[in-house]
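Participant: this one's structure only:
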Ligand SMILES: Nc1nc2c(ncn2[C@@H]2O[C@H](COP(=O)(O)OP(=O)(O)OP(=O)(O)O)[C@@H](O)[C@H]2O)c(=O)[nH]1
Ligand SMILES: [Mg+2]
């Protein structure tokens, strides 16, 4: 990758869907953000775009409802970013919790344009059983994926690198560090997103 990191020139909200069928045809390569409730998916999306309130963020789990689609200009590419509701939050009603599994699953199964799935974990908590299941599901669908450990700023500087190395060792995957507070890790991630979008364009 060149030393100049791609920048996001434009980012706008497209729509929020309850159902995959409501989404527009997959015109652009899609980058999907998934992970447990409250890990910081929407914050990461906002930080990547350099926007404070593009996607809804809350300190209470369950901030993101439905499938939220954004249109993003990254370098010379146009992409869709998809912000998904979190999974694994035990205190939601049974009915709602049940609804999320199939919604996320059908999104991942049906969207032809998925270029990359970003699986977000809290650097202090690591890769949970549900995350592992999601990663395996993504592999089975041949969706390229990356693990991003966020909230890096919550750890003292000296503990960050060792924590990421430990996470990588335990999950057997490459783990990228990130902080929505400081923007740390953003350049690497934007470059990765752009690479995924370009390789997707070549396939189609
Ligand atoms: N210090 C710090 N706080 C963060 C970071 N990322 C997210 N947060 C905080 O974590 C909380 C949850 O963030 P969200 O971005 O709403 O999390 P989410 O994963 O989208 O949550 P759901 O949509 O409910 O699944 C908020 O209070 C954020 O301000 C980070 O990198 N550093
Ligand atoms: Mg969210």
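Facilitator: Ah, there it is. Here the structure is a predicted model, which means the values were calculated and not measured. Residues are numbered from 1 along each chain as shown. Ligands and ions are numbered 1, 2, ... in the order given.
Participant: what distance do you get for the spatially most central residue of the chain to residue 82?
Facilitator: Centroid-nearest residue in the chain, with Cα atoms, centre = their mean: residue 33, separated by 2.0 Å. Residue 33 sits 7 Å away from residue 82, going by Cβ to Cβ, to the nearest Å. For every residue, glycine as well, the C-beta is placed using N, CA and C.
Participant: what residues does the protein put near ligand 1?
Facilitator: Residues of the chain lying near ligand 1 by Cβ under 6 Å from any ligand atom: 37-43, 57-59, 61-64, 85-86, 150-151, 153-154, 179-181.
Participant: run the last query once more with 5 Å
Facilitator: 37-43, 57, 59, 61-64, 86, 150-151, 153, 179-181 (Cβ under 5 Å from any ligand atom).
Participant: now do residue 135, the pLDDT please.
Facilitator: On the pLDDT scale, residue 135 is placed at 94.
Participant: count the neighbours of it for me.
Facilitator: A count of nearby residues for residue 135, using other Cβ atoms under 10 Å, gives 21.
Participant: now do the contacts for residue 57.
Facilitator: Residues near residue 57 by Cβ atoms under 8 Å, 6 or more residues apart in numbering: 42-43, 46, 63.
Participant: worst-scoring helix or strand of the chain, pLDDT-wise?
Facilitator: Here the helix or strand of the chain ranked lowest by mean pLDDT, DSSP states H and E is helix 94-110, holding a mean of 76.
Participant: narrow the residues of the chain next to ligand 1 to those that are buried.
Facilitator: Among those, those buried by neighbour count (16 or more other Cβ atoms under 10 Å) are 37-43, 57, 61, 63-64, 86, 150-151, 153, 179-180.
Participant: filter the residues you listed down to the ones in helices?
Facilitator: Under the assignment DSSP state H, these contribute 41-43 to helices.
Participant: hang on, the earlier thing: I figured the residue nearest to the centre of the chain hits residue 116, correct?
Facilitator: No: judged on Cβ atoms under 8 Å, residue 33 makes no contact with residue 116 at a distance of 9.8 Å.
Participant: if I look at whichever residue of the chain sits closest to ligand 1, how far off is residue 159?
Facilitator: Nearest residue of the chain to ligand 1 (Cβ to the nearest ligand atom) works out as residue 86 at 2.5 Å. Computed as Cβ to Cβ, the residue 86 to residue 159 distance reads 25 Å.
Participant: strands of this structure, start to end?
Facilitator: Ranges of strands in the chain, per DSSP state E, are 8-17, 29-35, 67-74, 77-83, 114-122, 145-150, 175-177.
Participant: which stretches of the chain have low pLDDT?
Facilitator: Within the chain, the segments meeting pLDDT under 70 span 1-3, 89-100, 201-204.
Participant: tell me which residue of it is furthest from the middle?
Facilitator: Residue farthest from the centre of the chain, counting by Cα atoms, centre = their mean, is residue 158 at 25.9 Å.
Participant: just to check, residue 46 is in contact with residue 180?
Facilitator: Yes: applying Cβ under 8 Å as the test, residue 46 and residue 180 come out as touching, 7.0 Å apart.
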